[in-house]
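Novice: Any chance you could fold what I've pasted below:
(2 chains)
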Protein chains: 2
Amino acid sequence: MAVPDRQKLAINQATTMKQWSLQEAIEGYAARDIRGISVWRNKLAECGVTEAATILSDHGMDVTGLCRGGLFPANDDAGRQAALDDNRRAVDEAAVIGAECLVMVCGGLPDGSKDMIDARKQVADGLAEMLPYAIDAGVPVAIEPLHPMTAADRACVNTLEHALDLCDTLGEGTGVAVDCYHVWWDPKLEQQIARAGDRILGFHVCDWLVPTIDLVWDRGMMGDGVIDIPRIRGWVEAAGYRGYNEVEIFSEHNWWKLDPVKVIDTCIERYDQFV
Amino acid sequence: MAVPDRQKLAINQATTMKQWSLQEAIEGYAARDIRGISVWRNKLAECGVTEAATILSDHGMDVTGLCRGGLFPANDDAGRQAALDDNRRAVDEAAVIGAECLVMVCGGLPDGSKDMIDARKQVADGLAEMLPYAIDAGVPVAIEPLHPMTAADRACVNTLEHALDLCDTLGEGTGVAVDCYHVWWDPKLEQQIARAGDRILGFHVCDWLVPTIDLVWDRGMMGDGVIDIPRIRGWVEAAGYRGYNEVEIFSEHNWWKLDPVKVIDTCIERYDQFV
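Specialist: The predicted structure is shown next:
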């Protein structure tokens, strides 16, 4: 693979979640000539949505995604309605900041449930119900398959194939976010990325550490693990994707403890060789 | 689902790995009228293979499987040859103790490699090369898909679909081990179990804990987690499986620290309701 386009490096704000507010992240990334950022809703709320839109615009930032909608399954109608209401608010926020997509972490099993088939039906139903609102707002919905180890408590959409099956059913306004960390292990990955085609709304990178000591908060910096990211990027680009390569690292034990300027500089250093 | 047949309860020796030798496990399980055991090679070596065969026979034990063959991928021909030699020894041992199958944990990425496609090719090649020896010995080869979180360092066969694709290619003498812990999350599980049909050589049960604090050594006792085991057992039985329901729990933090008699009694107590 040719080295990736430096102009296509984006940072997901989660990468400096513990160190920087949204304003600090925008300023910190822009200071290194990074022009793509994915925004988290808790940070957006702290900043204020309108104020954030202004700061993003002032720094010439593309917003690669808003994290996150989803979390549909619930034990009762009130819970399901609350999830739908929250998803509509997320769409509104995404529209105000001009996010290229709303990233959907679909949700796992409701408390006390063991019924994955029902949880998946609730996800499909929830997506169908919120989709017209997202289409009206001009916000593409990016279904993100999460690693199977998160199936119980975070997302019951765990393969790109399943996410694309949902897109096939839902149609216009939907696509997928391909995060190497979640899908690198999948023997059908190349085939399913080709199937995705122009429905790839985001491409996220980080690395799988060996050993991994936490199921959620122990992601690695590109180059520190075993994922052949350039190969996967090649498949994504062959499918027609021309968007940002977005670094998203949750790292309770390492990167979240470090100077965020050093974290961002490391992302840049690693980008040419390992993305 | 009807409650499972008590006569079909087997225990994988790993469940009392830290407490009991093979002889102690055989005696301990038999004392509770459990007549199926899956044996681990390190414990078998301690006991002596011929001696173990005698003890197993004396206690009327069915050997549901020998754990484990596999671990094929290596960085060089010497490493691959060593793996093949070891797999042939595993076949010999399985034949002596009358194991119903040799369980294959296929292996992950060789040290320093990021090439999952090559690792999977090495697994397919290794299985093809050792298979005639297993057929001659009358030992069925059970390919066990392991959870995707183990793809890097334990097994690059991570879905039942992939395992069955290998069986399709390899043909006679091969089948699959279906372990709920590894496959419960899979949206294609029901479909792939039906596809497996009479190729299901083993059915393993334990539970997925929320939260899970270790990627390998934190499995739960049936009923303590979120897996709907009876539903999966129903699919397996609908596919024609009539073998043992084998409890296999790796639990560094809990069950391996307890009195093994209490562990086995708990397996029995939980069996009717949660298997």
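Novice: residues contacting A:V210?
Specialist: When contacts are counted by C-beta atoms under 8 Å, 6 or more residues apart in numbering or on different chains, A:V210 touches A:225-226, B:152-153. Glycine gets a C-beta too; all of them are placed from N, C-alpha and C.
Novice: so the residue positioned nearest the centre of chain A, which of the three states?
Specialist: What sits nearest the mean C-alpha location of chain A, by C-alpha atoms, centre = their mean, is A:V103, with 5.3 Å. Secondary structure for A:V103, judged by DSSP: H, G, I helix; E, B strand; the rest coil, is strand.
Novice: now it: how far from B:H59?
Specialist: Separation of A:V103 from B:H59 (C-beta to C-beta, to the nearest Å): 56 Å.
Novice: now swap in A:Q122 and tell me
Specialist: Using C-beta to C-beta, we find A:Q122 at a distance of 48 Å from B:H59.
Novice: which one of the contacts of A:V210 has the most neighbours?
Specialist: Greatest neighbour count in these, by other C-beta atoms under 10 Å in any protein chain shown, goes to B:A152: 24 neighbours.
Novice: That one reaches A:D228, doesn't it?
Specialist: No - using C-beta atoms under 8 Å, B:A152 is not in contact with A:D228; the gap is 11.4 Å.
Novice: Write out the residues of chain A neighbouring chain B.
Specialist: Residues of chain A lying close to chain B (C-beta under 8 Å from any C-beta of the partner chain) are A:109, A:113-116, A:120, A:147-149, A:151-153, A:156, A:158-159, A:161-162, A:184-188, A:208, A:210-212, A:215, A:225-228.
Novice: Now do the helices for the stretch 1-150 of chain A: every range, in order, please.
Specialist: Counting by DSSP state H, counting those that start in this stretch, the stretch 1-150 of chain A has helices at residues A:22-30, A:41-47, A:49-58, A:77-97, A:116-137.
Novice: Could you single out the most deeply buried of the ones you listed?
Specialist: Greatest average neighbour count among the helices of the stretch 1-150 of chain A goes to helix A:22-30 (a mean of 20), per mean count of other C-beta atoms under 10 Å in any protein chain shown.
Novice: Report all helices and strands that that one contacts.
Specialist: With contacts defined as 3 or more C-beta pairs under 8 Å, 6 or more residues apart in numbering or on different chains; DSSP states H and E, helix A:22-30 has these neighbours: strand A:36-40, helix A:41-47, helix A:49-58, helix A:260-274.
Novice: if you set the cut-off to 10 Å instead, what comes out?
Specialist: Helix A:22-30 sits against strand A:9-12, strand A:36-40, helix A:41-47, helix A:49-58, helix A:260-274, with contacts defined as 3 or more C-beta pairs under 10 Å, 6 or more residues apart in numbering or on different chains; DSSP states H and E.
Novice: now the angle between helix A:77-97 and it, please.
Specialist: 50 degrees (axes from the mean of the first three to the mean of the last three C-alpha atoms, to 10 degrees).
Novice: which residues are contacting helix A:22-30?
Specialist: The contact list for helix A:22-30 (C-beta atoms under 10 Å, 6 or more residues apart in numbering or on different chains) reads A:9-17, A:19-21, A:34-37, A:39-40, A:42-48, A:51-52, A:55-56, A:58-61, A:63, A:97, A:260-261, A:263-264, A:267.
Novice: That one versus strand A:36-40: what angle between them?
Specialist: Counting by the same axes, to 10 degrees, helix A:22-30 lies at 160 degrees to strand A:36-40.
Novice: just the CA coordinates of helix A:22-30, formatted as CSV?
Specialist: C-alpha atoms of helix A:22-30 as CSV (Å, rounded to 0.1, in the frame of the first residue of the first chain):
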residue,chain,number,x,y,z
LEU,A,22,-13.8,19.8,22.9
GLN,A,23,-12.4,23.3,22.4
GLU,A,24,-9.0,22.1,23.6
ALA,A,25,-9.1,19.1,21.2
ILE,A,26,-10.1,21.2,18.2
GLU,A,27,-7.3,23.7,19.0
GLY,A,28,-4.8,20.9,19.7
TYR,A,29,-5.6,19.0,16.5
ALA,A,30,-5.7,22.1,14.3
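Novice: picking up where we left off before, please indicate which of the contacts of helix A:22-30 are buried?
Specialist: With neighbours counted by 16 or more other C-beta atoms under 10 Å in any protein chain shown, these contain buried members at A:9-17, A:19-20, A:34-37, A:39-40, A:43-44, A:47, A:52, A:55-56, A:59, A:61, A:63, A:97, A:260, A:263-264, A:267.
Novice: Chain B versus A:C167, what's the distance?
Specialist: Taking C-beta to the nearest C-beta, to the nearest Å as the measure, A:C167 falls 14 Å from chain B.
Novice: what's around that residue, how many residues?
Specialist: The number of residues near A:C167, taken as other C-beta under 10 Å, comes to 21.
Novice: quick one: it from B:R219, how far?
Specialist: 34 Å.
Novice: Quick check on A:I200: phi, psi?
Specialist: Note on A:I200: its backbone torsions stand at phi -80, psi 110 [degrees, to the nearest 10].
Novice: if I read this right, it contacts A:Y241, doesn't it?
Specialist: Yes - with contacts counted by C-beta atoms under 10 Å, A:I200 reaches A:Y241, the gap being 4.5 Å.
Novice: joint contacts of the two?
Specialist: Common contacts of A:I200 and A:Y241 (C-beta under 10 Å, 6+ apart): A:178, A:193, A:235.
Novice: and A:P73, how many neighbours?
Specialist: Neighbours of A:P73 using other C-beta under 10 Å come to 27.
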